[in-house]
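Engineer: Sequence first, predicted model second:
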There are 2 protein chains.
Amino acid sequence: MVNSKIKTKIKTKITTGNRPSAEARILLAARHVFMTKGMSGARMQDIADEAGINKALLHYYFKNKERLFDVIFRDASSVFFPKITGIIESTDTLEKKLEKFCCAYIDMMLQNPFLPLFVLTEANKRPAEFRKKFWRTREQVFQKFAEEISTEAEKKKELNINPAHLFLNMISMCIFPFIAKPIWQMSTGMNDKEFREFIDERKKIIPQLIIASLKKKCL
Amino acid sequence: MVNSKIKTKIKTKITTGNRPSAEARILLAARHVFMTKGMSGARMQDIADEAGINKALLHYYFKNKERLFDVIFRDASSVFFPKITGIIESTDTLEKKLEKFCCAYIDMMLQNPFLPLFVLTEANKRPAEFRKKFWRTREQVFQKFAEEISTEAEKKKELNINPAHLFLNMISMCIFPFIAKPIWQMSTGMNDKEFREFIDERKKIIPQLIIASLKKKCL
DNA sequence: CTTTGTATTAACCATCTGGTTAAACTATAT
DNA sequence: ATATAGTTTAACCAGATGGTTAATACAAAG
């Protein structure tokens, strides 16, 4: 019955052999189970099994299911909501920035295929909690980029579209294919390799389309 | 202990007063609860409460949770996957068809805000079952429209983009905003009325953008 | 070797949850 | 009226699930 508040600060465990520590294994297993099954679908026993430990040890390291979920979800959203300040503040052209943004975003999702649906589901199912727990520091992330698009495009007298629409169009085309992957594959018959190549093409196609939509003469 | 197989064929219940029948109330409640909480998050008791009946009556009308879910989900997907044959076979121009498609799709989602996430979540969480149970008859729905775009665009020698990308772009921009609604509202500060107006604008903006992407000179 | 504090486990518990049972109710037809 | 067949309910059950407890293994420090 140690005081868990003290324990969690200490974290003295050394990885015996080359196997990751129990805590690390729990986090890994929890991420996998939560991402694939969702909060309500995930079973603590499944996480324990996958981490190769006793269920009680879960509650030793993480007070309860909600806390464990929060850790995973906070980490997931920090990945999902991209650090775009770097891209914004670069000296690249707007075109280049858009391309970089899409590319970075798509690559991130290729590495975390279940992440978009995971984050979006939680934001929909428990919006109040989502806002309170996970939105605080990220409030202006998207807005900044939208403003950047707006100002830079106005500078060139080419603005043809509400930057809000432009931005939403862009992230829609980037993110949605990952959420719709199974249905899309059923519809088209694409296998995983073909889907992967198809997605790679979109890294160029999406910025092209977005840039074109900026130019008045096109519409 | 009546034979439920016979019972379900008969359906003689008359709506006493003007209150909907218990079965109808169950379906209504089930749709609401399943759509907002998902399969694993939904509780049979919640559905019973919301329908104003005893939990046992749920199992009287619908053998078990899975069966009830299937009824709701099958109905939901029949709405989600649009009947586009009518639009395809019309004599409208491609432009008009695209516009009609987006408009119809967006209107449907305005009336069923939780539907997209509901269907897409299920397709992701249990792809095998989704395919087996709900995909059978709808296999070529999307493909047909994609082919339509391809052939008609080639006819005009304007084809500039893989029709698969074009189609995916279109449905991404139509559907994604509804899935991302809570996050989008947090980011932009839009209230529900503003969001509704914003979405209305997209009924024109999306087809415009898609049509522009067809024209070679624009890219 | 013993002490001490952490890591880990088996067994347990309370509650939740999907599902069942048998009895009671209601309307309709004879 | 009463027989019949569908409808609705209260009470119940078994298993799943999140969470707890108390005892044990283990490693480092004295």
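Structural biologist: It's in.

Engineer: Can you find the helix or strand of chain A with the lowest average pLDDT?
Structural biologist: Here the helix or strand of chain A ranked lowest by mean pLDDT, DSSP states H and E is helix A:4-10, holding a mean of 35.

Engineer: who does the next helix or strand after that helix touch, helix- and strand-wise?
Structural biologist: Going down the chain from helix A:4-10, the next helix or strand is helix A:22-41, by DSSP states H and E. Helices and strands touching helix A:22-41, by 3 or more C-beta pairs under 8 Å, 6 or more residues apart in numbering or on different chains; DSSP states H and E, are helix A:44-51, helix A:55-61, helix A:65-80, helix A:115-125, helix B:22-41, helix B:115-125. C-beta here means a position set from N, CA and C on the backbone, and glycine is covered the same way.

Engineer: can you list the ones you listed in a markdown table and add distance to residue B:161, mean neighbour count and mean pLDDT?
Structural biologist: Shown next, in a markdown table, are those (distance: least, C-beta to C-beta, whole Å; neighbours: other C-beta atoms under 10 Å in any protein chain shown; pLDDT from 0 to 100):
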| stretch | distance to residue B:161 | mean neighbour count | mean pLDDT |
| --- | --- | --- | --- |
| helix A:44-51 | 43 | 18 | 98 |
| helix A:55-61 | 49 | 16 | 97 |
| helix A:65-80 | 28 | 17 | 95 |
| helix A:115-125 | 24 | 23 | 97 |
| helix B:22-41 | 34 | 19 | 96 |
| helix B:115-125 | 24 | 23 | 97 |
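
Engineer: ok, the residue nearest the centre of chain A - contacts?
Structural biologist: In chain A, the C-alpha nearest the mean C-alpha coordinate belongs to residue A:80, at 2.1 Å (C-alpha atoms, centre = their mean). Going by C-beta atoms under 8 Å, 6 or more residues apart in numbering or on different chains, residue A:80 touches A:108, A:115-116, A:119.

Engineer: please redo it, this time with the cut-off set to 7 Å
Structural biologist: The neighbours of residue A:80, taking C-beta atoms under 7 Å, 6 or more residues apart in numbering or on different chains as the test, are A:115-116, A:119.

Engineer: Spell out which parts of chain A neighbour chain B.
Structural biologist: A:38, A:40-41, A:117, A:120-121, A:123-125, A:127, A:131, A:135, A:142-143, A:164-165, A:168-169, A:172-173, A:175-177, A:179-180, A:182-184, A:186-188, A:201-202, A:205, A:208-209, A:212-213, A:218-219 (C-beta under 7 Å from any C-beta of the partner chain).

Engineer: Pull out the buried members of the residues you listed.
Structural biologist: Among these, those scoring as buried are A:38, A:41, A:117, A:120-121, A:123-125, A:127, A:131, A:135, A:142, A:164-165, A:168-169, A:172-173, A:175-177, A:179-180, A:182-184, A:186-188, A:202, A:205, A:208-209, A:212-213, A:218-219 (criterion: 16 or more other C-beta atoms under 10 Å in any protein chain shown).

Engineer: any idea how far stretch A:48-56 is from the chain center?
Structural biologist: Distance, stretch centre to chain centre, for stretch A:48-56: 26 Å (C-alpha atoms, centre = their mean, to the nearest Å).

Engineer: Can you list the neighbours in contact with that stretch?
Structural biologist: The contact list for stretch A:48-56 (C-beta under 7 Å, 6+ apart) reads A:22, A:25-26, A:29, A:32-33, A:44-45, A:58.
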